[in-house]
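Asker: output the structure for:
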Amino acid sequence: MPLSATIEKLTLATAVVTLQGPMTLGSSLKLIDSQINAAIADGVSNMVIDLTGVDYVDSAGLGMLMYTYGTLNQKNGSLRLCGVAPRVLSLLQLTKTDAVLSIDPARAESLAALQK
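Answerer: Next comes the predicted model:
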């Protein structure tokens, strides 16, 4: 099953991206990356990426997350991850990106943190 995304704009500046499938190198990851960048270009500066449906991330998927983080950071925005599976969390810890990316247990906590 290829990676798919649903982008839900909650406000002009806030969006939730729900991913489903493996975040691996390929055309589906590239397509979703361009959709996320289009949302950022359209004014989104605070984003939650819901990884509940993602059970595997490779270096390309990790790179996309870090690139999105950097882009939002440049716009004085923020990126929060939620629903991170144990296997994906161990990759984030192994690569020390968990120290950079904000990780919440669920979407509600991520959205609450963005309101602060």
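
Asker: quick one, helices of this protein?
Answerer: Secondary structure of the chain, counting by DSSP state H: helices at 27-41, 59-74, 86-94, 107-115.

Asker: out of these, which gets nearest to V48?
Answerer: For V48, the closest of the helices of the chain is helix 107-115, at 4.2 Å, according to Cβ to Cβ. (Glycine included, C-beta is placed from N, CA and C.)

Asker: what is that closest one packed up against?
Answerer: Applying 3 or more Cβ pairs under 8 Å, 6 or more residues apart in numbering; DSSP states H and E, we find helix 107-115 packed against strand 14-20, strand 46-53, strand 78-82, strand 102-104.

Asker: turn those into TSV, including distance to L89.
Answerer: Below are the helices and strands packed on helix 107-115 laid out as TSV (distance: least, Cβ to Cβ, whole Å):
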stretch	distance to L89
strand 14-20	15
strand 46-53	9
strand 78-82	9
strand 102-104	7
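
Asker: TSV for the helices of the chain, including mean neighbour count, distance to P2 and mean pLDDT?
Answerer: What follows is those, written out as TSV (neighbours: other Cβ atoms under 10 Å; distance: least, Cβ to Cβ, whole Å; pLDDT from 0 to 100):
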stretch	mean neighbour count	distance to P2	mean pLDDT
helix 27-41	16	4	98
helix 59-74	16	13	98
helix 86-94	14	17	97
helix 107-115	15	23	96
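
Asker: in TSV, list the ones you listed along with distance to L51.
Answerer: Converted to TSV, the helices of the chain look like this (distance: least, Cβ to Cβ, whole Å):
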stretch	distance to L51
helix 27-41	12
helix 59-74	9
helix 86-94	6
helix 107-115	10
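
Asker: just to revisit the earlier point, quick one: which of the helices and strands packed on helix 107-115 is nearest I7?
Answerer: Using Cβ to Cβ, the helices and strands packed on helix 107-115 put strand 14-20 closest to I7, at 5.2 Å.

Asker: sounds good, over and out.
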